[in-house]
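Asker: attaching a predicted model along with its sequence, questions to come.
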Amino acid sequence: MIISNENIEKLKNLIDDAETIGVVSHVNPDGDNLGSSLAFARALRNYGKDTQVVGHDTIDNYLKFLPDLEFYENNYKDSYDLLLILDASELDRIGDAQPLASKSKKTAVVDHHLGGKITSDLNIIHPEAPATCQLIFEIIERMALPLDEKTANLLFTGIVTDTGRFMYYDTNRETFEIAGKLIDLGADKEKIYSALYQNKPIDVLKFETDLIANAEFMGDRVFALASIDKVDEYGVQMGDSEHIVNILRDLEGISISMLVKEYGNGEYKVSMRSKGIDISKTARENGGGGHANASGFSIFDDSLESAAAKAREILQNI
């Protein structure tokens, strides 16, 4: 257990004192994002709290097997007695929901990303934790909040995805112990693994194959590009490109992989993965964040070609 007794007590007091609670996480929701948000909100509802998950973005198809997605609501309140910001420690990471942080009476952050500058009434930020879901499990367990089968499935999903199926360097003994506890509590690991890793549509495979075939290799670096045109061509979602950066990183002789995704309105999201090289500093220098071996940032530009050129230069200078 890595959260201090003092911070557990402070968080419990914030929760007990609040009549309404909002739970918000970062844009482009992933497994850890949704898992931690939906799981904590469910535990708080079962504890008797009026809790709402702030649904401010689109959920990719590969995560639509998760329970409680109906609680990821886009008709959220203007403010809450307590706003819980999970899996994000930079305000701009919560996108359109940013005004909630200033309008809500109290805010608290629970995150595992390095370099967070967010100001709140309570920051629980532990970069040594491999997933925010691991921190949320610890909070739920130590505060004796209800933890049912659906909550266990949500937390297990977040841990599995953010540890790369327990392969990433920051996966620790406690991660495996918590995973075991979640299975005992009803997490269906076979269903979760099947939904996440054994259910890929053929069109997504064709899309991935196209991106890999057109990747650019530069020594021990590799660069790939996912355009809106390619997404439309294969009838997939931009989120379906996310695994490409991991596939390319895992190749022999590759130390860093980079994927640039075109999102429209001049925004290009850059995902980076590495082996043995800390890329989090590069991400922070470019307005993003993340982990030593998995980080990202955004480039704002007028064209895909210009954004790609900037990203290639950043990659070559790491």
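Answerer: Happy to help now that I have it.
Asker: CA only for contacts and neighbour counts going forward, please
Answerer: Fine.
Asker: list the buried residues of whichever strand or helix holds T161.
Answerer: Secondary-structure element containing T161, defined by DSSP states H and E: helix 149-162. For helix 149-162, burial by neighbour count (16 or more other Cα atoms under 10 Å) applies to 150-162.
Asker: among those residues, which two are most distant?
Answerer: K150 and D162 (18.7 Å; Cα to Cα).
Asker: T58 and H26: what is the separation?
Answerer: 11 Å (Cα to Cα, to the nearest Å).
Asker: more neighbours, the two?
Answerer: Shown here are T58 and H26; by other Cα atoms under 10 Å, H26 has more neighbours (25 against 12).
Asker: buried ones in the next helix or strand after the helix holding T161?
Answerer: Proceeding N to C from helix 149-162, the next assigned helix or strand is helix 173-184, under DSSP H and E. Under the neighbour-count criterion of 16+ other Cα under 10 Å, helix 173-184 has 175, 178-179, 182 buried.
Asker: just stretch 101-119 next, same as before
Answerer: So stretch 101-119, judged by 16+ other Cα under 10 Å, has buried residues 101, 104, 106-116.
Asker: cool, and stretch 41-49?
Answerer: Buried residues in stretch 41-49 (16+ other Cα under 10 Å): 41-45, 49.
Asker: C-alpha coordinates for it, PDB please?
Answerer: C-alpha atoms of stretch 41-49 as PDB (Å, rounded to 0.1, in the frame of the first residue of the first chain):
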ATOM      1  CA  ALA A  41     -18.300   6.000  -9.000                       C
ATOM      2  CA  ARG A  42     -19.900   2.700  -8.500                       C
ATOM      3  CA  ALA A  43     -18.300   2.200  -5.100                       C
ATOM      4  CA  LEU A  44     -19.400   5.600  -4.000                       C
ATOM      5  CA  ARG A  45     -23.000   5.100  -5.200                       C
ATOM      6  CA  ASN A  46     -23.100   1.800  -3.300                       C
ATOM      7  CA  TYR A  47     -21.700   3.800  -0.300                       C
ATOM      8  CA  GLY A  48     -24.800   6.000  -0.600                       C
ATOM      9  CA  LYS A  49     -23.300   9.000  -2.400                       C
END
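Asker: grab the longest helix from the chain for me.
Answerer: helix 31-46 (DSSP state H).
Asker: elements contacting the helix or strand following that one?
Answerer: Downstream of helix 31-46, the next assigned helix or strand under DSSP H and E is strand 50-54. Packed against strand 50-54, as judged by 3 or more Cα pairs under 8 Å, 6 or more residues apart in numbering; DSSP states H and E, are the following elements: strand 20-24, helix 31-46, strand 72-73.
Asker: so the first one versus strand 50-54, what angle?
Answerer: If you take axes from the mean of the first three to the mean of the last three Cα atoms, to 10 degrees, strand 20-24 sits at 20 degrees to strand 50-54.
Asker: show me where the chain has helices.
Answerer: 5-17, 31-46, 98-103, 132-142, 149-162, 173-184, 189-197, 202-213, 228-234, 242-249, 280-285, 304-316.
Asker: let's test this: mean pLDDT of the fourth one, rounded?
Answerer: This points to helix 132-142. Averaging pLDDT along helix 132-142 gives 98.
Asker: run the chain-centre distance for that helix.
Answerer: Here helix 132-142 is found 16 Å from its chain centre; the criterion is Cα atoms, centre = their mean, to the nearest Å.
Asker: got the buried residues for it?
Answerer: 132-140.
Asker: got these as CSV, with distance to I202 columns?
Answerer: What follows is those, written out as CSV (distance: Cα to Cα, whole Å):
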residue, distance to I202
T132, 31
C133, 30
Q134, 33
L135, 36
I136, 35
F137, 35
E138, 38
I139, 40
I140, 39
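Asker: out of the residues you listed, who's nearest S36?
Answerer: Nearest to S36 among those, with distances taken as Cα to Cα, is C133, at 4.8 Å.
Asker: the nearest residue in space to A308 that is not next to it in sequence bridge partners, please.
Answerer: Once flanking residues are discounted, A308 sits nearest to V260: 6.9 Å by Cα to Cα, 6 or more residues apart in numbering. As for beta bridges, V260 partners with L225, V270 under DSSP bridges.
Asker: still on that earlier bit, so which of the helices and strands packed on strand 50-54 gets nearest Y169?
Answerer: When the helices and strands packed on strand 50-54 are ranked by proximity to Y169 (Cα to Cα), helix 31-46 comes first, at 16.7 Å.
Asker: OK, contacts around D78?
Answerer: 100, 103 (Cα atoms under 8 Å, 6 or more residues apart in numbering).
Asker: and it, what's its pLDDT?
Answerer: Taking D78 on its own, its pLDDT is 95.
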